[in-house]
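Undergrad: would you be able to build a 3D model of this:
(one chain, ligands or ions: 1)
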Amino acid sequence: MALDNLHHVVVVGGGFGGLQLVKDLKGLPVRITLIDRRNHHLFQPLLYQVATTLLATSEIAWPIRRLFRDRPEVTTLLAEVDGVNAAAKTLTLSGGDDISYDTLVLATGATHAYFGRDEWAPFAPGLKTLEDATTIRRRMLLAFEQAEREIDPAVRDALLTFTIVGAGPTGVELAGIIAELAHVTLPREFRNIDTRKTRIMLVEAGSRVLAGFAEELSAYAHKALERLGVEIHLGERVTDCSAAGVMIGEAFIGSRTIVWAAGVEASPAAVWLGVPADRAGRVIVGKDLSTPGLPEVFVIGDTASVLQEDGKPVPGIAPAAKQQGSYVAKIIKARLMQKPVPPSFRYRHQGSLATIGRRSAIIDFGRFKLTGALAWWIWGIAHIYFLIGTRSRFAVAWSWLWIYLSGQHTARLITQRETVVPPSSNDSGT
Ligand SMILES: Cc1cc2nc3c(=O)[nH]c(=O)nc-3n(C[C@H](O)[C@H](O)[C@H](O)COP(=O)(O)OP(=O)(O)OC[C@H]3O[C@@H](n4cnc5c(N)ncnc54)[C@H](O)[C@@H]3O)c2cc1C
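TA: Predicted coordinates for the structure are as follows:
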């Protein structure tokens, strides 16, 4: 049958959810258009390792087009979607082109939120894209370089003070590696500064680090971070960010490198569709992940809000997005084959993992919990397994083994120019 006559499934987003869906639609009589505004699928769980000089960008990202080179029914488009006309069953690409669909799946993810203070973004980048990771890496490495040449002790202290806002997995992972970089890897390489005196502050408004984990695991992580030299501020809020530093409550602290690891905001799919959203902007979908009133439009992954059987929301993590992608592929198949559709979506939690520095991790598999070096090895093997392709698996395994044995970070490159305005001379920087 000519491809043009087949049922047209349009998938927006080549992240974890969208990619899994397209994989699972293999063999069905459909033509698929996969649209993403980036040309690559990104393994976000290891993004912090690019930001902290452990891995190179090409080790955690793959061109989407290449992943489906052997699937003639899949067309990949590099384009940004900025609207949906559900009545006409079309979506609009930025630039004005329209694409029509029979079934639409929105898997456009989420990004960090500044709780209404978007003006902080230039000073406190979040971590979501490869560009974010290289920006953080550049600022961090430049801070050490500038401190080496700085003669004003107050400015030098501000350059050697790193602030991470939010003590979820990303904040904890960033803080642990930055501490090891400053306290273990760099000291022998600088002559005018002692990088072991670098201050790494982890600021969290809640009462514990890694609040999503069991209490004993978050207590373990807290102590492990302190052993690495991370200064933890719990129950404190960042009230301002600038090029010179942060306000924590009423206190100003000079800090030239700030990283935002707090808050999540879904992509604007709910606005495109004109349907209700939760507080984070996620589309409130039905139990089959379709949009209320629009059975041919599905929303999955970080853009969707759906409850588990116990009333808790399905978490915004990669396995949840992949499970939703697989589930929607089953629904599409059942509808096309005119078979009964599968029962409501059920999320199966496979466990939570986080690393603290280069040699320690925590694992929460429910009844089975583990901490320390063995947990780090299990975490490492699990992540290598989930990477795409043999080359990436070997490359990442080799990079980690090298770092583990030598303590040296291999991706310490400063690329591109800094665009943030330096603090003015009126700004003491202290
Ligand atoms: C720093 C970080 C660390 C994380 N660590 C973990 C972890 O350790 N374990 C874990 O399970 N989860 C982790 N997550 C969460 C996990 O990455 C997400 O839950 C998962 O990526 C969600 O998958 P998704 O398909 O919904 O969206 P994504 O994977 O974010 O994919 C969305 C895609 O949509 C595209 N897109 C967005 N808007 C448009 C548009 N308008 N037009 C065209 N394309 C668009 C994007 O370019 C992107 O490719 C982490 C996330 C981050 C940011």
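Undergrad: what is the helix or strand of the chain with the lowest mean pLDDT packed up against?
TA: Least confident helix or strand of the chain, by mean pLDDT, DSSP states H and E, is helix 390-406 with a mean of 88. With contacts defined as 3 or more Cβ pairs under 8 Å, 6 or more residues apart in numbering; DSSP states H and E, helix 390-406 has these neighbours: helix 373-386. Quick note: C-beta positions are derived from backbone N, CA and C, even for glycine.
Undergrad: against the ligand, how distant is Ile414?
TA: Distance from Ile414 to the ligand, counting by Cβ to the nearest ligand atom, to the nearest Å: 21 Å.
Undergrad: could you confirm that residue falls within a helix?
TA: No: going by DSSP: H, G, I helix; E, B strand; the rest coil, the assignment for Ile414 is coil, not a helix.
Undergrad: can you give me phi and psi for it?
TA: Backbone torsions of Ile414, given as degrees, to the nearest 10, read phi -100, psi 120.
Undergrad: let's verify Val10: helix, strand, or coil?
TA: From three-state DSSP, the assignment for Val10 is strand.
Undergrad: pLDDT below threshold where in the chain?
TA: Within the chain, the stretches with pLDDT under 70 are 1, 418-430.
Undergrad: what does it put close to the ligand?
TA: The chain comes close to the ligand at residues 12-18, 35-38, 44-45, 47-48, 80-81, 107-109, 127-128, 169-170, 267, 301-303, 316-319, 321, as judged by Cβ under 6 Å from any ligand atom.
Undergrad: the residues you listed in helices, which ones?
TA: 16-18, 47-48, 169-170, 318-319, 321 (DSSP state H).
Undergrad: pull out the buried positions in the least confident helix or strand of the chain.
TA: Residues 392-393, 395-396, 399-400, 403 are the ones in helix 390-406 that count as buried (16 or more other Cβ atoms under 10 Å).
Undergrad: Gly176 and the ligand, how far apart?
TA: 14 Å.
Undergrad: that residue: which element?
TA: helix 169-180 (DSSP states H and E).
Undergrad: just Ile200 next, same as before
TA: Assigned by DSSP H and E, Ile200 falls within strand 199-204.
Undergrad: just checking, next helix/strand downstream of that strand?
TA: Scanning onward from strand 199-204 (DSSP H and E), the first element met is helix 215-227.
Undergrad: returning to that earlier point: and the angle for the helix holding Gly176 with strand 199-204?
TA: If you take axes from the mean of the first three to the mean of the last three Cα atoms, to 10 degrees, helix 169-180 sits at 170 degrees to strand 199-204.
Undergrad: now do the domain split for the chain, please.
TA: 3-37+79-112+264-336, 118-262+351-427 (automatic domain parsing).
Undergrad: tell me which of those lies nearest to Thr52.
TA: Proximity to Thr52 (Cβ to Cβ) singles out domain 118-262+351-427 among these, at 3.9 Å.
Undergrad: what's the local residue count around the residue of the stretch 251-400 of the chain found nearest the ligand?
TA: Per Cβ to the nearest ligand atom, Gly301 is where the stretch 251-400 of the chain lies closest to the ligand, at 2.1 Å. Neighbourhood size, Gly301 [other Cβ atoms under 10 Å]: 32.
Undergrad: that one reaches Gly13, doesn't it?
TA: Yes: using Cβ atoms under 8 Å, Gly301 makes contact with Gly13 at a distance of 7.3 Å.
Undergrad: tell me, what's touching those two both at once?
TA: Taking Cβ atoms under 8 Å, 6 or more residues apart in numbering as the contact rule, Gly301 and Gly13 both touch 107, 109.
Undergrad: who does His41 form a beta bridge with?
TA: Trp62 (DSSP bridges).
Undergrad: list the contacts of it.
TA: His41 neighbours (Cβ under 8 Å, 6+ apart): 14-15, 19, 61-62, 64, 67, 388.
Undergrad: ok, now how distant is it from Ala182?
TA: As defined by Cβ to Cβ, to the nearest Å, His41 lies at a distance of 32 Å from Ala182.
Undergrad: not counting sequence-adjacent ones, nearest residue to Ser364?
TA: For residue 364 the amino acid is Asp, not Ser. Distances taken as Cβ to Cβ, 6 or more residues apart in numbering place Ser352 nearest to Asp364, at 4.5 Å, with adjacent residues excluded.
Undergrad: returning to that earlier point: so among the ones in helices among the residues of the chain next to the ligand, which ones count as buried?
TA: By 16+ other Cβ under 10 Å, these give 16-18, 47-48, 169-170, 318-319, 321 as buried.
Undergrad: list the contacts of the nearest residue to Cys241 once chain neighbours are set aside.
TA: Spatially, and ignoring its direct neighbours in sequence, Cys241 is nearest to Trp120 (4.0 Å; Cβ to Cβ, 6+ apart). Contact analysis of Trp120 by Cβ under 8 Å, 6+ apart lists 114, 240-241, 260.
Undergrad: so how far is Asp278 from Trp120?
TA: Per Cβ to Cβ, Trp120 is found 23 Å from Asp278.
Undergrad: what is the burial count for the closest residue to Leu6 other than its chain neighbours?
TA: Take Leu6 and drop its neighbours on the chain: the residue closest to it by Cβ to Cβ, 6+ apart is Arg31, 4.5 Å away. The tally of other residues near Arg31 (other Cβ under 10 Å) stands at 20.
Undergrad: hang on, Arg31 packs against Glu73?
TA: Yes: judged on Cβ under 8 Å, Arg31 makes contact with Glu73 at a distance of 5.1 Å.
Undergrad: next, show the common contact partners of these two.
TA: With Cβ under 8 Å, 6+ apart as the test, Arg31 and Glu73 both reach 3, 6.
Undergrad: show me where the stretch 51-200 of the chain has helices.
TA: Using DSSP state H, counting those that start in this stretch, the helices of the stretch 51-200 of the chain run over residues 64-67, 130-149, 153-159, 169-180.
Undergrad: of those helices, flag the one that's most buried.
TA: helix 169-180 (a mean of 26; mean count of other Cβ atoms under 10 Å).
Undergrad: that one versus helix 390-406: what angle between them?
TA: Angle of helix 169-180 versus helix 390-406, following the same axes, to 10 degrees, is 40 degrees.
Undergrad: keeping just the C-alphas, turn helix 169-180 into PDB.
TA: Written as PDB, here are the backbone C-alpha positions of helix 169-180 (Å, rounded to 0.1, in the frame of the first residue of the first chain):
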ATOM      1  CA  PRO A 169      18.800  14.300  42.300                       C
ATOM      2  CA  THR A 170      20.200  16.900  39.700                       C
ATOM      3  CA  GLY A 171      21.300  19.300  42.400                       C
ATOM      4  CA  VAL A 172      22.800  16.600  44.600                       C
ATOM      5  CA  GLU A 173      24.600  15.000  41.600                       C
ATOM      6  CA  LEU A 174      26.000  18.400  40.500                       C
ATOM      7  CA  ALA A 175      27.200  19.400  43.900                       C
ATOM      8  CA  GLY A 176      29.000  16.100  44.600                       C
ATOM      9  CA  ILE A 177      31.000  16.200  41.300                       C
ATOM     10  CA  ILE A 178      31.800  19.900  41.500                       C
ATOM     11  CA  ALA A 179      33.100  19.300  45.100                       C
ATOM     12  CA  GLU A 180      35.300  16.500  43.900                       C
END
